[in-house]
Every structure is written in C-alpha cells, then in structure tokens.
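> pasting the sequence and the predicted model now:
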Amino acid sequence: MKTLRTALLLTCLAACRAQPPQPDYGRPLPFGTPALLPLRGNEPPPDLRQTWLERYMFAAALERSILWTRTRYSEQFFPTAGISHGRALASLERFEELLATSQTPEEFDRRVKQEFDFYKSAGWDGAGGGVLFTGYYTPILDGRPVRDEMYRYPLYALPPDLVKDELGATLGRQGSNGLEPYPTRRAIEAGGLLAGRGLELAYLRDPLDAFIAHVNGSAFIRIGDGSLYRLGYSGKNGQPYTSLGGELVRDDWIDDSDISLVAIRRWGREHPELVREYLARNDSYVFFTPIEGNPRGSLNVEVTPERTLATDKRLFPRGALVFVDTRIPLPTGGFVEFQKLLFDQDTGGAIRTAGRADIYFGIGPDAEARAGATRAEGQMIYMFLKR
C-alpha cells in the first residue's frame, strides 16, 4: 500500500510539473526586467518580403511616425526600453529609405536584416512568453446633441478642473485642500458630478454604447439628420481600468472562450437591469473633444486600420516599427494569420503591460465585428538600426 501511495504521489507530481503555467497577460513586468529582448540566435527575424510589397499601403502611417519623432516635443519620451530618441528617428528614416531604394522584396529583406537589430516584447512572463492581441475601433453610434427621453447618456468634454502633468498624464483635480484624485466612473455617473456644466457633447440612448465609446477612445455620432459628429480622445480621470468582459467571465455570465463584443452586447440586451452596475466597476472614465477627419492616437497622429498598434507607452518606444505576428478574424468568418508591419502610435486603458497590445481596425460595423472578435496570442518584434 505504501508503494502504491508513493507511486500515485510521484505520478501526481510529474503531472503537475508537466503543466505549463497559465499566461497572465495583465501581470506587470518584475522590477528591472527589460521590456525588449534581443532575438536569440535560434530565433529568426521576421520575413519582410511581403512588407516591401505592401509599402504603399502603410506609407502614410510610416510618414506620420517620422514626422512625430522629428518634433522637439517627442524627445522628452526617450530613452524608452533603452532606445534613444536619435536611434528611434534614424531607424524610421532609414527604413523609409530602404523601402524606396530596394528593387525587389528579397533585396529589401536582406538589407533590413543587415542594418537592423530585432527585439521581441518581454511578453506576459518577462521572458518573451507571448503577447495577447485584442482589437479596437471607432464605433458609429446613434445619438443626439440635446438630451431627450430616449437619448439620455452623455459623452463629456474634458472638465476644466482636471489637472494633467507636462506629458499629458492625469494628476487629479484641484480641490479645496490641494490636488486630489479625480472621481471614479461610479461617482461621476451616479452623482451627476458633471451634469449641467456645459460639458455634454452628445447623448446616446444606451449606456453600453457610451461605455464602448470610452473603451475605444473615439466615436462618430450619427445624429438625427444622418450626419456624423466626430469625437476623439481628450483625456481620462486617471482611475484604474477594469475590463467589463473580465468581470462578466469572473461572474460566470460569459464563458472565457466566448468573450467578445458580440457576447457582451448580447448579455447587455438580456440583462439591462445589471448593465449600469457592471459598467460602474470600471473606475476609468474617458473625455472627448470634437475632431475633424479621422481619429488620432496618443501621439496625436491619425490612426491607420491594421497599421496602428496600441501598447503600454511606459514600456515601449513611441512611433516605432513593430512587426506583429498573430491571428485575426476574417469579415466572412474564421481566422487568418496576421503578419504585418505596424507602428506603435497609440495606447489604451487596458493596455498596461508587456503582455498586451491592441490593433486598430478602423471605423464602423465591419471594424467593430473584427475588433470585437480579436483575441489571440502572438509576438511583437521591434526593429531599430544597429548601434
């Protein structure tokens, strides 16, 4: 019997050792862990031949990164992840030159690999263990400029009492005893703290629609005459972000394997009495501003469908070249491998670690369907000129 118990114990221990740890994509990097890791000798750099063939499709996005990185304003954000401002700018400019002067995809691929170093994200485990990619987009939502019985849920402009630092990060608000944290979503909405202050930009008829605008950081509002009122990101209250989908999975409303924007909207229709309470669990609150043209990311440059990437800007260099290798949904259903050059031009409330990134999919219903269904692991490979 003792021998049997010992054998069973050894079997159990072997089974436990064989199971890899479950990825925790929201886990912060341990202190001192670099966000970018050089590719090892047995890790091949990405194949860039298709990138050269697609060069006209991302030329505008590349130029936006170059122009932003040339500004004096951009210098304050470097070095990041050990990358200096000069190296970041030179990398973008040289990459553009190689695109223009290479005659074949093979020549371009060879020249980039000769001149550039490649770094992967430290990922969820700090050792390159992978990145969870999700999607975001600009929703088109029905709304009105004036509140009525149907349209009751406002999108607000940035309050004048919200204080930011010189880099644009929210510090709080000026209270009677000095600077204090800005109120949470629950306090703002339940207490009507911003109502009647002339900050209302538009009213929506569904609180979940307003929440979706907050999560994506921009929205186009279709008003009564059919025209679009374009709103972009202006700031946030600085409170921590809590995922609505994560809360619904935790409370067994939605299975983790089924989590998507479609599933969240379905839950909202089936349980309207619970929507406001669950939304209030996310303390983060976003403010908007009227814009012309297309939405802009955290660099204040226009975002480009399937070319703009949102990452944690505390960890990764702004504007940089980043090759993404993951899977994304097709408009017709199913999934396809996604291996493309993107540009690190945005950030997001949920994107706060080396193990998370968001791909921008565009504007409207098709973009919503693809962004809402994107949830796959992959890799981010950054490219910088050799020192």
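Yep, it's here. Numbering: from 1, shown residues only.
> how far does the helix or strand hosting residue 367 sit from the chain's center?
For residue 367, the element it lies in under DSSP states H and E is helix 365-373. Offset of helix 365-373 from its chain centre (Cα atoms, centre = their mean, to the nearest Å): 14 Å.
> what's that helix packed up against?
Taking 3 or more Cβ pairs under 8 Å, 6 or more residues apart in numbering; DSSP states H and E as contact, the helices and strands that helix 365-373 lies on are strand 131-138, helix 261-270, strand 321-329, strand 356-363. Any C-beta I mention is one placed from the backbone N, CA and C, and that applies to glycine too.
> let me have the ones you listed in JSON lines, extended by mean pLDDT, distance to residue 209 and mean neighbour count.
Listed next are those as JSON lines, based on pLDDT from 0 to 100; distance: least, Cβ to Cβ, whole Å; neighbours: other Cβ atoms under 10 Å:
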{"stretch": "strand 131-138", "mean pLDDT": "96", "distance to residue 209": "13", "mean neighbour count": "25"}
{"stretch": "helix 261-270", "mean pLDDT": "95", "distance to residue 209": "9", "mean neighbour count": "16"}
{"stretch": "strand 321-329", "mean pLDDT": "97", "distance to residue 209": "22", "mean neighbour count": "21"}
{"stretch": "strand 356-363", "mean pLDDT": "97", "distance to residue 209": "15", "mean neighbour count": "24"}
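> how about these, which one is nearest residue 219?
For the helices and strands packed on helix 365-373, the distance to residue 219 is smallest for strand 131-138, at 6.5 Å, taking Cβ to Cβ.
> between the closest one and strand 321-329, how many degrees?
In terms of direction (axes from the mean of the first three to the mean of the last three Cα atoms, to 10 degrees), strand 131-138 departs from strand 321-329 by 80 degrees.
> distance to residue 62 for the helices and strands packed on helix 365-373 - can I get that in TSV?
Output for the helices and strands packed on helix 365-373, formatted as TSV (distance: least, Cβ to Cβ, whole Å):
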stretch	distance to residue 62
strand 131-138	21
helix 261-270	30
strand 321-329	8
strand 356-363	15
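> out of these, which comes closest to residue 87?
Across those, residue 87 has its closest neighbour in strand 321-329 (11.8 Å, Cβ to Cβ).
> elements contacting the helix or strand following the closest one?
Note on strand 321-329: by DSSP H and E, the next helix or strand toward the C-terminus is strand 335-346. Contacts defined by 3+ Cβ pairs under 8 Å, 6+ apart place strand 335-346 against helix 49-53, helix 59-69, strand 308-310, strand 321-329, strand 356-363, strand 375-385.
> what about the helices in the stretch 151-300 of the chain?
Along the stretch 151-300 of the chain, the stretches classed as helices by DSSP state H, counting those that start in this stretch are 185-190, 207-216, 244-250, 261-270, 272-279.
> redo those helices as CSV? Include distance to residue 106.
Rendered in CSV, the data for those read as follows (distance: least, Cβ to Cβ, whole Å):
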stretch, distance to residue 106
helix 185-190, 53
helix 207-216, 39
helix 244-250, 43
helix 261-270, 40
helix 272-279, 52
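> okay, those, which one's buried deepest?
Ranked by mean neighbour count, the helices of the stretch 151-300 of the chain are led by helix 207-216 with a mean of 22 (mean count of other Cβ atoms under 10 Å).
> ok, residues contacting that helix?
Defining contact as Cβ atoms under 8 Å, 6 or more residues apart in numbering, one finds that helix 207-216 is touched by 136-139, 141-142, 153-155, 204, 219, 231, 244, 261, 264-265, 268, 275-276, 279, 282, 284-286, 288, 348-350.
> dump it to CSV, keeping only the CA atoms.
Only the C-alpha atoms of helix 207-216 are listed here, as CSV (Å, rounded to 0.1, in the frame of the first residue of the first chain):
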residue,chain,number,x,y,z
PRO,A,207,-25.3,53.2,-21.5
LEU,A,208,-23.3,50.3,-23.1
ASP,A,209,-22.8,52.4,-26.2
ALA,A,210,-21.3,55.2,-24.1
PHE,A,211,-19.1,52.7,-22.4
ILE,A,212,-17.9,51.3,-25.7
ALA,A,213,-17.0,54.8,-26.9
HIS,A,214,-14.9,55.2,-23.7
VAL,A,215,-13.1,51.9,-24.2
ASN,A,216,-12.2,52.7,-27.8
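> quick one: pLDDT of the closest residue to residue 276 other than its chain neighbours?
Once flanking residues are discounted, residue 276 sits nearest to residue 207: 5.8 Å by Cβ to Cβ, 6 or more residues apart in numbering. At residue 207, the model reports a pLDDT of 96.
> ok, now how distant is residue 207 from residue 153?
According to Cβ to Cβ, to the nearest Å, residue 207 and residue 153 sit 5 Å apart.
> quick one on the thing from earlier: mind putting the helices and strands packed on strand 335-346 in a markdown table, distance to residue 100 included?
Formatted as a markdown table, the helices and strands packed on strand 335-346 follow (distance: least, Cβ to Cβ, whole Å):
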| stretch | distance to residue 100 |
| --- | --- |
| helix 49-53 | 10 |
| helix 59-69 | 10 |
| strand 308-310 | 22 |
| strand 321-329 | 15 |
| strand 356-363 | 25 |
| strand 375-385 | 16 |
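> of all these, which one is nearest residue 198?
strand 356-363 (28.1 Å).
> now for that closest one, which elements pack on it?
When contacts are defined as 3+ Cβ pairs under 8 Å, 6+ apart, strand 356-363 packs onto strand 131-138, strand 308-310, strand 321-329, strand 335-346, helix 365-373.
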